[in-house]
Each structure stands twice: as C-alpha cells, then as structure tokens.
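*Asks:* below are the sequence and a predicted model for it; my questions follow.
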Amino acid sequence: MNAHGDPFAWWMGQFFKYTMRMTSGFQDYIKDLSTRLGYKGPIVGVQVRRTDKLLHDSKLIELEEYMEAVDDFFDDLELRGTNVTTRRIYLATDDPGVVREAKAKYPNYELVFNEESVTSASMRLRRSEANIKHFMADIYFLSRSDFLVCGMSSNICRLAYELMQTLRPDAPARVFSVDSPYWFHYQSVHEVEARYPHSPRIDSELEFRKGDRVREILRYYSNHRNYHDGFLHGVNQRTRKSGLYPVYKTVDVLRLADAPSFDHIDRREKPMALV
C-alpha cells in the first residue's frame, strides 16, 4: 500500500496489459494512426461519454468542467518551467457534438481526435468490428497521454487509467475524474474506519465517532459525485445514516486473505524447478 498511490488500479493494469497484448497488425495500425492524427506530447487525454450513458446512469457534465482540469495541467507545466508552445488534447467521445463544441469554445487548443472512432461510436455501429478497433486505439492513446481527464463512471476511463499504471510510476497523480473516484466492477465493498470523530457543519455531512465504519457509496449520480474537496459520500454502519464524510479523518479497512504461513514448510525439501 505504501509503494503505490493506487495499488488496486496498478494490479488491474498489470492484468489488462497482459490480456490486451497487441498483435503486429494492430501495432502497425496504431503507428500509422498516430502519425496521421499528429499525436505527440505534451498532450492531455480527454474522454467524454454521452449518448446512452445520459439515458441510464449519469447526468450531463459540461465540457467546461473537463477543460478546467486540462487548463490546470498546462498551467502547472508552465509554472514548473516547461515551455508549452501548443496546448494539445486527444479527445475520445461517442458524441460528434462534443467535437464541434470543443472546436468552437477552445480555439487555443490543438484538437487531436479520430473522426472514424467518433462516427462509429453511434448506437447503431458501436458493436461493429471497425468500431472495436477504433475503440481500442482510443484507449491506447488515452492511457499514454501525459494527463487524463474523464469520468471514472465510464469503463473506458477506468481501463485507460489502469493501463496508465503500467507506463508511469506516478500515474495516480495524472488523472482527474469529473464524477466518481476510481473503482472496478465486482470489487469488494469499500469501507473506511474513523480515526477521529466528526461533527457535521452542514446538513449534508455525516456524523461519526472514532472507530465507526463508513461504507463508501461508489455511485455516480449527481448527488454522489466526487467534487475533489476532500469529502466522499458514505453510510455510517452504526447509525445507518448517509452523508458526506471527510476522507482525512478515516483510514481504509482492508480485507486480508486467510493465507497459510510458511512456517510449516520443510526447508530441507528440494526447491521446485522453474520451467
């Protein structure tokens, strides 16, 4: 836990890096596409999911909220002494309107995007063979960006972030989620334990005592969003009340596997040969 800022994302990244090994044909496609699109750093990957997501499990988050995080990244680069001649973003989206909006509102940015990917991401073509190839290319470019801005409620965002862990030692500091914190499907319930008591200052905050367990609600509806202000939404398991809690007053509760110790192993046995 102390060696990495997001160990669960790191582990998932190792798994997906192996399972998503590229064929030589796809490597050639990526190389040619990168040259054609002008993909080069410094660049921020921006993934904006719309269409069916707005109908089922999320509400609209304006493009300005994504671009505010992009501006902050480039401003920080310049403050640190990097001469940024071109502010560049790689935009992955399933809505052509987002591309038009980005061009109109942010003319000071160089917009890099795969038009074939945007077109084939429509609901009618989304499961086509062509779209799968473009979809995988989007993930490739997003994961290799210098910074990533997206919503962790999206599978694409989380996958790009997980793959990022295999490429950079400081990847947890290179992402900004506009909605929920990082999570993965079928993960264990995330609980924290209060190390300090907390008395609510406003009605939306959660009261707890030292030692109380709080179960985090990793949902991404508007009232459960991560506003990057040090508070997350959870349920006090003692009082069964829900609200926003200050993360710094809690510590993660980890479920440890009941693995056998090595004390029973006969060290006189011959080690197994590695094949």
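*Replies:* Happy to help now that I have it. On a predicted model such as this, the values are computed, not experimentally measured, just so you know. Numbers count the residues shown, from 1 in each chain.
*Asks:* show the average pLDDT along stretch 9-28.
*Replies:* Mean pLDDT, computed over stretch 9-28, is 92.
*Asks:* run the chain-centre distance for it.
*Replies:* 17 Å (Cα atoms, centre = their mean, to the nearest Å).
*Asks:* give me the buried positions along it.
*Replies:* Across stretch 9-28, burial judged by 16 or more other Cβ atoms under 10 Å covers A9, W10, M12, G13, F16. In this view, the C-beta of every residue, glycine as well, is placed from N, C-alpha and C.
*Asks:* which residues touch D71?
*Replies:* Going by Cβ atoms under 8 Å, 6 or more residues apart in numbering, D71 touches no other residue.
*Asks:* quick one on the thing from earlier: just the closest of the buried residues of stretch 9-28 to K133, please.
*Replies:* F16 (17.3 Å; Cβ to Cβ).
*Asks:* ok, back up a step: what would the buried residues of stretch 9-28 look like in JSON lines with distance to G151 and secondary structure?
*Replies:* Formatted as JSON lines, the buried residues of stretch 9-28 follow (distance: Cβ to Cβ, whole Å; DSSP: H, G, I helix; E, B strand; the rest coil):
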{"residue": "A9", "distance to G151": "15", "secondary structure": "helix"}
{"residue": "W10", "distance to G151": "21", "secondary structure": "helix"}
{"residue": "M12", "distance to G151": "17", "secondary structure": "helix"}
{"residue": "G13", "distance to G151": "18", "secondary structure": "helix"}
{"residue": "F16", "distance to G151": "19", "secondary structure": "helix"}
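*Asks:* for these, which one is nearest Q165?
*Replies:* The nearest one, if we look at the buried residues of stretch 9-28 relative to Q165 and count by Cβ to Cβ, is G13, at 3.5 Å.
*Asks:* just give the nearest non-adjacent residue to the closest one, would you?
*Replies:* Of all residues not flanking G13 in the chain, Q165 sits nearest, at 3.5 Å (Cβ to Cβ, 6 or more residues apart in numbering).
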